[in-house]
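A.B. asks: fold the following for me, if possible:
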Amino acid sequence: MDVRKVIGLRESLKALKDNKVQKVFIAQDANPNLVSPVLHLCEENQVETEFVESSRQLGLSNGIGVCASVVCILK
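C.D. replies: Model (predicted):
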């Protein structure tokens, strides 16, 4: 089964605002000012959050060749 997900800050914020997210992965080395709205929406919507070691690792583990600060698993 394919897991539906969105990759990147802008798409993640949109999915969180639409209450379509089951779980969020955030890179520990991501800019705190950029990911703070994501963390706020996760807390507000009671979405499970998990931190990943690096944005490079998060990007690679999701099949993209660039860094990713946020990845959301959709409901």
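A.B. asks: now do the same end-to-end measure for stretch 67-75.
C.D. replies: 24 Å (C-alpha to C-alpha, to the nearest Å).
A.B. asks: before we move on, what about stretch 9-27?
C.D. replies: End-to-end distance (C-alpha to C-alpha), stretch 9-27: 11 Å.
A.B. asks: now the helices for the chain?
C.D. replies: Assigned by DSSP state H, the helices in the chain fall at 9-17, 32-45, 55-61.
A.B. asks: export those helices as JSON lines, with columns for mean pLDDT and distance to Leu74.
C.D. replies: Quick note: C-beta positions are derived from backbone N, CA and C, even for glycine. Output for the helices of the chain, formatted as JSON lines (pLDDT from 0 to 100; distance: least, C-beta to C-beta, whole Å):
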{"stretch": "helix 9-17", "mean pLDDT": "96", "distance to Leu74": "6"}
{"stretch": "helix 32-45", "mean pLDDT": "96", "distance to Leu74": "13"}
{"stretch": "helix 55-61", "mean pLDDT": "94", "distance to Leu74": "16"}
